[in-house]
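K.L.:
my questions are about this predicted structure, shown below with the sequence.
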Amino acid sequence: MVVQIQQTLIRRRQIEIESGPSRTTIHRRMREKMFPRAARIGARSLAWRCADIDAWLVDPAGYRVEG
């Protein structure tokens with residue numbers, strides 16, 4: 001049996017609208033490992049897994065990227 005998992009992706013602009021951090025803040029926190037890693041979906045496009053953003057929203061100040 002084949003199980004297919006669908007992961008919803010969210011773009012940076014939508015994250016800004018729904019949760020507030022600016023582009024600069026998102027990228028700074030990514031470098032500091034305090035914001036989920038993005039997935040490259042094109043040559044100049046990034047998106048984040050909704051599940052990762054939801055986990056970050058639970059505790060933005062305490063969030064750390066594993067690994």
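P.N.:
The structure has been received and is ready for your questions.
K.L.:
CA atoms for contacts and neighbours, from now on please.
P.N.:
Will do.
K.L.:
which parts of the protein are strands?
P.N.:
Taking DSSP state E as the test, the strands found in the chain are 9-10, 39-42, 45-49.
K.L.:
run through who's touching the longest one.
P.N.:
Yep, that's strand 45-49 we're talking about. With Cα atoms under 8 Å, 6 or more residues apart in numbering as the contact definition, strand 45-49 has outside contacts at 7-12, 36-41.
K.L.:
make a PyMOL selection of the buried ones in those.
P.N.:
The following PyMOL line selects those of those that are buried, judged by 16 or more other Cα atoms under 10 Å:
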select buried, resi 9+10+11+12+36+37+38
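K.L.:
name the nearest residue to the residue nearest in space to the middle of the chain, ignoring sequence neighbours.
P.N.:
Among the residues of the chain, the one closest to the centroid is Trp48, at 3.8 Å (Cα atoms, centre = their mean). Nearest non-adjacent residue to Trp48, counting by Cα to Cα, 6 or more residues apart in numbering: Ala38, 4.8 Å away.
K.L.:
now do the same contact list for the one you found.
P.N.:
The neighbours of Ala38, taking Cα under 8 Å, 6+ apart as the test, are 46-49.
K.L.:
could you give me the PyMOL syntax to select whichever of those are buried?
P.N.:
With 16+ other Cα under 10 Å as the criterion, this PyMOL line picks the buried residues out of the contacts of Ala38:
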select buried, resi 47+48+49
